[in-house]
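Asker: This is a predicted model, with the sequence first.
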Amino acid sequence: ELERVAAASKLWDGDVCALQVTDADAQSVELRALVSARNSSEVWDLRCEVREKLITFIQREYPDALPRMRTSIDRQPEEE
């Protein structure tokens, strides 16, 4: 999916496109998407675009893979 997203972007210069696992534990995996562009301004915009589109892809195709925060609120009985 990273390659498809990069190739579809007018910002990508066609040089670097890689996905690295930077950390993993029992509950999570951290990934780093590497992409290149012609200059620092364009690479910043490309990184934002790639991040947003990869998150959208994961939300659509693998929603259970994303973290969820659950909160349980225990109500105390009111004092009289």
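Answerer: Cool, the structure landed.
Asker: Show the model's pLDDT score for the nearest residue to Val5 once chain neighbours are set aside.
Answerer: Take Val5 and drop its neighbours on the chain: the residue closest to it by C-beta to C-beta, 6 or more residues apart in numbering is Lys53, 4.7 Å away. For glycine as for every other residue, the C-beta is placed from the backbone atoms N, C-alpha and C. What the model reports for Lys53 is a pLDDT of 98.
Asker: before we move on, what about Glu80?
Answerer: 67.
Asker: returning to that earlier point: what's the helix or strand for the residue nearest to Val5?
Answerer: helix 40-61 (DSSP states H and E).
Asker: Repeat that for Thr22.
Answerer: Assigned by DSSP H and E, Thr22 falls in strand 12-24.
Asker: Return the distance of that strand from the chain's centre.
Answerer: 12 Å (C-alpha atoms, centre = their mean, to the nearest Å).
Asker: buried stuff in it?
Answerer: Trp12, Asp13, Cys17 (16 or more other C-beta atoms under 10 Å).
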